[in-house]
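> just the structure for this:
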Amino acid sequence: MYIFISSKIVRSDAPLGSENWFVMINVPSDIGQEWEDLVACTRKNIIDKINKILGVDIEKHIVCENIVTPQNIEKNTSSVGGALYGTSSNSMFSAFLRHPNKLRKFENVYFAGGSVHPGGGIPLCLASAKIVADEINGL
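Below is the predicted model of the structure:
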């Protein structure tokens, strides 16, 4: 679970006296799961865990909530199955199945991001962008 509250640093990111919580958990891509049930169960588990850790009932403080599922992600971004990081990375060979950063078939076609080499997560996405920049600059 990843929690980020930007209003702790930038006060104007939330109304006065409030906070803006971004809570993210990793889930698999959509292959027909019952997302409504999964979301309800997972939301309860996450809130219970936060309550236990903080010793506070956070649910009564939630004013606005937006839950994003792989179905939403696929609809809004055309990412297959709503996958943020491309193909699943659960096998020891998955890194070799990622899309390359440069498309050899066409000139000047490059890819950067979580679903291409070297993989997902902010540091690796930045590494991907650096690889593409070096390719473009002929390094």
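> ok, residue 132 touching residue 113?
No - at 9.4 Å, residue 132 does not count as touching residue 113 under the criterion of C-beta atoms under 8 Å. From N, CA and C alone the C-beta is placed, and that goes for glycine too.
> so what pairs up with residue 2 in the strands?
Taking DSSP bridges as the rule, residue 2 bridges to residue 24.
> that one: how many residues sit nearby?
8 (other C-beta atoms under 10 Å).
> next: residue 59.
Other residues close to residue 59 by other C-beta under 10 Å number 13.
> surely it is in contact with residue 47?
Yes - counting by C-beta under 8 Å, residue 47 is a contact partner of residue 59 at 5.3 Å.
> quick one on the thing from earlier: now for residue 132 and residue 113: what residues contact both?
Residues touching both residue 132 and residue 113 (C-beta atoms under 8 Å, 6 or more residues apart in numbering): there are none.
> and stretch 111-128, end to end?
Separation of the first and last residues of stretch 111-128 by C-alpha to C-alpha, to the nearest Å is 8 Å.
> residue 24 versus the residue positioned nearest the centre of the chain, what's the distance?
The geometric centre of the chain, computed from its C-alpha atoms, lies nearest to residue 84 (C-alpha atoms, centre = their mean), at 5.5 Å. As judged by C-beta to C-beta, to the nearest Å, residue 84 and residue 24 stand 10 Å apart.
> give me the common contacts of those two.
Common neighbours of residue 84 and residue 24 (C-beta under 8 Å, 6+ apart) do not exist.
> burial measure for residue 126, as a count.
11.
> tell me the pLDDT at residue 39?
In the prediction, the pLDDT value recorded for residue 39 is 97.
> so which strand or helix has it?
Remark: residue 39 resides in helix 35-54, with elements defined by DSSP states H and E.
> and that helix, which residues are buried?
35, 50 (16 or more other C-beta atoms under 10 Å).
> ok, and what's touching the following helix or strand past it?
Counting by DSSP H and E, the next helix or strand C-terminal to helix 35-54 is helix 70-77. Outside helix 70-77, the residues that touch it by C-beta under 8 Å, 6+ apart are 27-30, 35, 79-84.
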